[in-house]
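Q: Let's see this in three dimensions:
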Amino acid sequence: MRIDVLTLFPKMFDGFLSESILGKAIDNNLVEIKIINYREFSKSKHKKVDDSPYGGGPGMVLCVEPVYDALMSIKGQEKALKILVTPQGKTFHQEKAYELRDKEHIIILCGHYEGYDERIRDLFDLEVSIGDYVLTGGEIAAMALIDSITRLIPKVINKDESHIFDSFNDYLLEHPHYTRPSEFRGKKVPDVLISGNHKLIKEWRENESIKRTKERRIDLYNKYREEHGDE
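A: Presented below is the predicted three-dimensional model:
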């Protein structure tokens, strides 16, 4: 997979791309990520990429020209899936991450200021939001997308750390986890987990997953019931 990110703050991605699982995925050539500073494509003397909005109002608006020129500079952009991160987009979820991990080439635009010139939207295929709140820029949202998508690429995560059991798969939150010590300040690990009976452990985890989802995310639990007819 190849991902190009259009941003005004490329240094924000330095640590993100060099650490942990994503850093290893890049080193192992499982994903290629390129960061592009679209300020470099501004034709103004002071490299401005924003301007005041027509009709007046607060804040500044991101100009279409530098974004367009930066986008056109990317080899293969015409076939890539082009994503705009914005609070106005559809809320991102695990199912979408699975869908996007099969794309060969993704381009993500990180916005800033009050908003986008509306003509920028015409250049992109998909508008995505990571939640009902506003950030100062799209970089954190882009990182969330990149992390959630790339970790699903085959061989990025070891088999014994499989994403198959992650929260949100099959509309359920993940079951509780425990490790050593078996007792901490009077709180013990459930007996079933140290019983060695893998059938009972599997049943316990499934039941706890359903229970936790019902308690914490009734919306997901209802979707689970619709699909499985479970009470």
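Q: show me what contacts residue 118?
A: By Cβ atoms under 8 Å, 6 or more residues apart in numbering, no residues touch residue 118. The C-beta positions use only the backbone N, C-alpha and C, and glycine is treated the same way.
Q: Please report the distance of it from residue 189.
A: Distance, residue 118 to residue 189, using Cβ to Cβ, to the nearest Å: 56 Å.
Q: And the helices in the protein, which stretches?
A: 14-18, 20-27, 64-72, 94-100, 118-121, 139-150, 198-216, 218-228 (DSSP state H).
Q: any idea which residue sits dead centre in this structure?
A: residue 145 (2.1 Å; Cα atoms, centre = their mean).
Q: confidence score at it?
A: The model reports residue 145 with a pLDDT of 98.
Q: do you know how far it is from residue 83?
A: 7 Å.
Q: Residues that sit against both of the two, list them.
A: Residues touching both residue 145 and residue 83 (Cβ under 8 Å, 6+ apart) are 108, 128.
Q: Identify the residues contacting the residue nearest to residue 97 when sequence neighbours are not counted.
A: Leaving aside its chain neighbours, residue 97 sits nearest to residue 148 (4.5 Å; criterion: Cβ to Cβ, 6 or more residues apart in numbering). By Cβ under 8 Å, 6+ apart, the contact set of residue 148 is 92, 94, 97.
Q: List the residues that contact the spatially closest residue to the second one that is not a sequence neighbour.
A: Closest residue in space to residue 94, ignoring its immediate chain neighbours: residue 168 at 3.8 Å, by Cβ to Cβ, 6+ apart. Neighbouring residues of residue 168 by Cβ under 8 Å, 6+ apart: 93, 94, 95, 220.
Q: No further queries at this time; thank you.
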